[in-house]
Structure formats: structure tokens, C-alpha cells
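[1] Predicted structure and sequence below. I'll ask about it afterward.
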Amino acid sequence: MTDYIVRATAANHQVRIFAATTKELVEEARRRHETSPVATAALGRLLTAGAMMGAMQKGEEDKLTLQIKCSGPIKGLTVTADAKANVKGYVENPDVMLPPNKNGKLDVGGALDMGVLSVIKDMGLKEPYVGQTHLVSGEIAEDLTYYFATSEQVNSSVALGVLMSRDNTVRQAGGFILQLMPFAGEEVITALESNLKDLPSVTAMLDEGMTPEMMLDRVLAGLDYEILDTIKTKFKCDCSRKKVEKVVISIGKKEIQALIDEGKPAQVHCHFCNTNYDFSVEELKQLLKKSK
């Protein structure tokens, strides 16, 4: 498999970690949405995090949504993932262009600026769980680290990265989410802090040819760890013409009739995969018969 997530535990279950390579799914998102380099980097980071957090869910039908609303020129991002690490997402302004930041990197923090991160978990209950925090840097990995600490009271280290090629396609993408269990000992914490302090960036490791398993070797150096499973991840939108027809039917007879009266085809757009569904006047008339 090309894109995948490795789930592991270390130091006698004192640590859990997810590590991922996501180049293909991020490139698929870039291609579908025709995103600028900085928009690709921002969306790619959030897609990678969403895929790993989706894989954390316990119920097969559970859904996770990561949503950022921000004051920067990108305006906002939304990513949705399921428990099988299928992920989809979009940015509000895919064309945003910014000069590099002071480190010569794509300025994701500048594209987002100030804002709010919402984590919405739909676990089949009456109401979904919603956790919210403000953005601490706009770099997304730091914002998620802060979210885990404040909303879920889990000490974590999140690393995410997207490296672009000269032709603006995705060269590398991936990340990891490391979390400490409440009973983690000081020796384990000290070892991890030392490892993380000297750790290269995710994209640097991936560009050296490292796999998620190799990243685990670096992050968990000196600790015994066990890989629990390997999960395939991909960009996958579950929209379909049949589902869109149901949406059109649900708007009601009056609204469908108004579309018919215009005498022009109607178009429904899926934000997540950038697919357009066209309905002719005759097709609208058929849907009108099914509407209440």
C-alpha cells in the first residue's frame, strides 16, 4: 500500500503513537481542488491529522470532522474522516498565495492567522461531541497538540508536514501523533523529550526514504514498542449522484418547481471532492414527482 498509517504502543502501553505517510491522498486533494502550494500544505496537514484521528475511533461507523475557521486569507478548512482512515476535505480559498515565512517555508501560519479549531466526533449518539480551542500558531500540528492537552487532557506531540516539488505537485506528506497515557513514568517522558528534541522534520525523514515504521524507530528510540496494526488511508469522498438526488428532493416541491420554471439545468457542487452534478429540466421534473 502507498499511503498508510502504523498504530503502535510503547513502554508497556505508557505511550501510543500513530505514524503516517500520505503523499498520494494529499496529491489527490491538490489535484481535485487545484490548490496553491500553501493551501496544499495546509489542507495536506489537516488531512493527514484527520486520517490518523479517524483511525483512533472505536466504532466502525464513527465519523470525525476537523474544522478551522480563521481570519487569514485561506479563510477556513474542513476535513472529515471515518474509522477506516478514509478522508476528504477542502479549503475555503484554494488560491491563496503568500511569500515564504522567515524560515523560507510555506507560510501556513500566515495563511490561517487567528482562528478556532473544532473537533467534531459523531459516534452515533443523539448529539456529536464537539471540542474547540483557539489556534495557537496556525501551523496545525501545534494547534492539535494544544487541542489534545486542553480539550481531551492528553499530553501529546503532533508532527505534520507536506513537501512540494518544483512543479507544485506533492513530493512528500505525512506525520505522527504521539500520546502519553496518564500513568506514563518520568523516565519514559524524559526519553521521548530527548528523542523529539533532535528529531528532523517529518518531510525531511520521508524525503530520506524513511517509512512510518522507521519514523517510529527515531521517535521511540530507547523504548520497547509494538506495532499493533497497519491501516490503509486514502482520499475518498462518499458523495454520489443518488445521494445528491436525495438532497435535491429534500428541498421541497416549491424550490424544485422554481428551478424548473427557470428552464435551465441545475448544478449541485460537492465541496469535499469538487465534483459537480448536473440535472436537466426533465430530470428535475422526475425528482419533483418524488418530492413532498
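    The structure has been received and is ready for your questions.
[2] what about the helices in the stretch 51-200 of the chain?
    Taking DSSP state H, counting those that start in this stretch as the criterion, the stretch 51-200 of the chain carries its helices at 108-112, 141-151, 186-197.
[3] Turn those helices into a markdown table, including mean neighbour count, distance to A41 and mean pLDDT.
    Bear in mind the C-beta positions are built from the backbone N, C-alpha and C, glycine included. Formatted as a markdown table, the helices of the stretch 51-200 of the chain follow (neighbours: other Cβ atoms under 10 Å; distance: least, Cβ to Cβ, whole Å; pLDDT from 0 to 100):
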| stretch | mean neighbour count | distance to A41 | mean pLDDT |
| --- | --- | --- | --- |
| helix 108-112 | 24 | 5 | 96 |
| helix 141-151 | 20 | 12 | 96 |
| helix 186-197 | 14 | 21 | 95 |
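[4] Distance to G124 added to those helices, as a markdown table?
    Converted to a markdown table, these look like this (distance: least, Cβ to Cβ, whole Å):
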| stretch | distance to G124 |
| --- | --- |
| helix 108-112 | 31 |
| helix 141-151 | 20 |
| helix 186-197 | 34 |
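[5] which residues sit in contact with A83?
    G54, A55, Q57, K58, G59, E60, E61, D62 (Cβ atoms under 8 Å, 6 or more residues apart in numbering).
[6] ok, the nearest residue to I140 once chain neighbours are set aside to Q179 distance?
    Once flanking residues are discounted, I140 sits nearest to R45: 4.4 Å by Cβ to Cβ, 6 or more residues apart in numbering. Distance, R45 to Q179, using Cβ to Cβ, to the nearest Å: 18 Å.
[7] tell me which element the residue lying closest to K290 once chain neighbours are set aside falls in.
    Among residues not flanking K290 along the chain, I249 sits closest, at 5.2 Å (Cβ to Cβ, 6+ apart). Per DSSP states H and E, I249 falls inside helix 241-250.
[8] F279 and A266: what is the separation?
    For F279 relative to A266 (Cβ to Cβ), the value is 5 Å.
[9] Name the residues contacting each of the two.
    By Cβ under 8 Å, 6+ apart, F279 and A266 have these common neighbours: V248.
[10] So for the helix holding I249, what gets flagged as buried?
    V244, E245, V248, I249 (16 or more other Cβ atoms under 10 Å).
[11] Nearest residue to S118 in space, please, no chain neighbours.
    Nearest non-adjacent residue to S118 (Cβ to Cβ, 6+ apart): Q67, at 4.5 Å.
[12] May I have the beta-bridge partners of that neighbour?
    Counting by DSSP bridges, Q67 is bridged to T78, S118.
[13] Nearest to S165, out of the helices of the stretch 51-200 of the chain?
    S165 sits nearest to helix 108-112 of all those, at 17.3 Å, using Cβ to Cβ.
[14] From the centroid of this structure, which residue is nearest?
    Geometric centre of the chain, nearest residue: L47, 2.2 Å, by Cα atoms, centre = their mean.
[15] Next, the angle from the strand or helix carrying it to helix 141-151.
    Under the criterion of DSSP H and E, L47 resides in helix 37-55. Orientation note: helix 37-55 sits at an angle of 40 degrees relative to helix 141-151 (axes from the mean of the first three to the mean of the last three Cα atoms, to 10 degrees).
[16] how far out from the middle of the chain is helix 37-55?
    In terms of Cα atoms, centre = their mean, to the nearest Å, the centre of helix 37-55 is set 4 Å apart from its chain centre.
[17] Using CSV, write down the CA coordinates of it.
    C-alpha atoms of helix 37-55 as CSV (Å, rounded to 0.1, in the frame of the first residue of the first chain):
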residue,chain,number,x,y,z
PRO,A,37,1.2,25.4,-2.7
VAL,A,38,0.4,27.0,0.7
ALA,A,39,-3.2,25.8,0.5
THR,A,40,-2.0,22.3,-0.4
ALA,A,41,0.4,22.4,2.6
ALA,A,42,-2.4,23.5,5.0
LEU,A,43,-5.0,21.1,3.7
GLY,A,44,-2.5,18.2,3.5
ARG,A,45,-1.5,18.7,7.1
LEU,A,46,-5.1,18.6,8.2
LEU,A,47,-6.0,15.6,6.0
THR,A,48,-3.0,13.7,7.5
ALA,A,49,-4.1,14.5,11.0
GLY,A,50,-7.7,13.7,10.2
ALA,A,51,-6.7,10.3,8.8
MET,A,52,-4.8,9.4,12.0
MET,A,53,-7.5,10.7,14.3
GLY,A,54,-10.1,8.9,12.2
ALA,A,55,-8.2,5.7,12.8
